[in-house]
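In: Need coordinates for the below:
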Amino acid sequence: MKVSIIKQEGLTREIEVTVPAATLQKTVERELVAYGKRAKIDGFRPGKIPMPILKKQYGRMILGEVLDKTVQETADKAMKEQNIRPALQPKIALKDGEAFDENADLTYTMTVEVLPTFDVMDLSKISVEKPVAKVEDKVVNETLERIASNNRSFTKVEEDRAAAKGDVVVVDFHGQTKDGLELPGMSGHDMQVELGSGQLIPGFEDQLAGQKVGSHVHVDVTFPEDYGSKELAGKPAIFHVDIKEIRTASETQIDDELAKRLRFENLDTLKDAIVKEISADYDQLSRLRLKRALLDVLDENHSFDLPQGMVDLEFESILRQMEQEKKQAGEELTQDNKDELKPIAERRVRLGLVLAEVGRAGNVEVKQDELFKAIYAEARKFPGQEQQVLDFYRKNPQVIESFRAPIYEDKVIDFILTKASVTETSISIEDLTKEEDDASEAEAKPKKKAAVKKKSA
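Out: Okay, the predicted model is just below:
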């Protein structure tokens, strides 16, 4: 095999590879012999078919398979021989685009973008701040009040009075749009509606307030423009509602009894659980801000040519995401929007290459148990369907690889932080969350408020 670089421009390499005809012919004959052991031709036993007959019967088919396999193998070998690390899969073409002659040498050109070579900055020179927020008593108290409100008990109102804000009304209802459309969910029985809670579309609860048990109410509403069902979005509708019962809330005391109802030992242990859960959320926010600061430092301190193919792919990925978001918001994607995406794509590619180089030099790798841990965490997001989720990943091992990249990135970030100087600074939770919606970060943001779960029995 002969390999030569015939063109070099920036990160693009054009390589010519020539495989001798004799090498191909030997490979074809070897494959024909192997195929002949299972081939069936009248008058011959499998494995006893003469080579001329095998070539006549199967030669073109085997040649095509050998050609594809040879190109793939020799392309990889050629890149290794030239110390080329490809950024993307190379583009391969037979020389002059001519059909292949089985008696001639195989010559093809390979155009490939290579990964840039660059020096990673001295990680020990990195200095970043990690903002941390303390869980304040008022946040704990607000959470307790919310828990108490969510755990109120309701008793049936026996007196003859109208429903008021804060009451729960038990209703039967049947609705349709003004043009006669009826969809599942527009009718129901014994639904409990807390007046003033905003759980129903605007105007619905207001028209139930002031009504008594036994009342038949015609509720006129208009579905919001951004309503989840496209068939109902923006449409006026009427609901026929029967008030069957009114219930009033009993104030829930924030005490040991409330904690025990939630399966905690006492109020103090409930408070500890709240602090622990909120602290975990704060820690995620702190990690996000720290990571963002670190990525900014890495971006500012590295400048090198980027493989245009990688930038184009990243640009298209961001563009598709923005197009979807704009479409959902009922907005048009402008040229200015598109122009803003290029530097974002370049930043992501640059940082990806830097992190990959740091990880390579630091021998960072993702272990199987880390992948499995991430898969189990994903399965737990679907209560009651965990086994189905795990079965899906078990049957589709290629999908498991989608977990590898974010795990690897986090491990590289952790590796860099062991080398860098990190200083903690105390800030308020308001300041910690004010940049939470930065569009340059693709990570999910943790919720600011905690909702304490019951302990398992």
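
In: and the lengthiest helix in the chain, which residues are buried?
Out: Assignment by DSSP state H gives helix 267-300 as the longest helix of the chain. Buried residues in helix 267-300, defined by neighbour count with 16 or more other Cβ atoms under 10 Å: 267, 269-271, 273-275, 277-279, 281-282, 285-291, 293-295, 297-298. From N, CA and C alone the C-beta is placed, and that goes for glycine too.

In: What of stretch 329-349?
Out: Going by 16+ other Cβ under 10 Å, stretch 329-349 has these buried residues: Leu341, Ala345, Glu346, Arg347, Arg348, Val349.

In: Now render those as TSV, adding pLDDT, distance to Thr74 and secondary structure.
Out: Listed next are the buried residues of stretch 329-349 as TSV, based on pLDDT from 0 to 100; distance: Cβ to Cβ, whole Å; DSSP: H, G, I helix; E, B strand; the rest coil:
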residue	pLDDT	distance to Thr74	secondary structure
Leu341	93	38	helix
Ala345	96	33	helix
Glu346	96	33	helix
Arg347	97	36	helix
Arg348	96	33	helix
Val349	97	29	helix
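
In: Determine which two of those are furthest apart.
Out: Distance extremes for the buried residues of stretch 329-349: the farthest pair is Leu341 and Val349 at 12.3 Å, using Cβ to Cβ.

In: Which is the succeeding secondary structure element to the longest helix of the chain?
Out: Sequence-wise, the next helix or strand beyond helix 267-300 is helix 308-328, with elements assigned using DSSP states H and E.

In: what packs against that following helix?
Out: strand 106-113, helix 335-361 (3 or more Cβ pairs under 8 Å, 6 or more residues apart in numbering; DSSP states H and E).

In: TSV for the ones you listed, including distance to Val399?
Out: Formatted as TSV, the helices and strands packed on helix 308-328 follow (distance: least, Cβ to Cβ, whole Å):
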stretch	distance to Val399
strand 106-113	27
helix 335-361	21
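
In: tell me the contacts of Leu115?
Out: Contacts for Leu115 (Cβ atoms under 8 Å, 6 or more residues apart in numbering) come out as Leu11, Arg85, Pro86, Ala87, Pro307, Leu353.

In: Let me know how buried the fourth one is, in neighbour terms.
Out: Spelled out, that is Ala87. 22 (other Cβ atoms under 10 Å).

In: what does the model give it for pLDDT?
Out: If you check Ala87, the pLDDT there is 94.

In: sec struct for Ala249, please.
Out: Secondary structure, DSSP: H, G, I helix; E, B strand; the rest coil: Ala249 is strand.

In: Could you check how far it is from Ala163?
Out: 12 Å (Cβ to Cβ, to the nearest Å).

In: Tell me which of the two has more neighbours.
Out: Neighbours were counted for Ala249 and for Ala163 using other Cβ under 10 Å; Ala163 has more, 25 against 14.

In: The more buried one: what's it in contact with?
Out: Here Ala163 is in contact with Val169, Leu195, Leu208, Ala209, Gly210, Gln211, Lys212, Ile243, Ile246 (criterion: Cβ under 8 Å, 6+ apart).

In: low-confidence ranges in this structure?
Out: Judged against pLDDT under 70, the low-scoring parts of the chain cover residues 96-102, 435-457.
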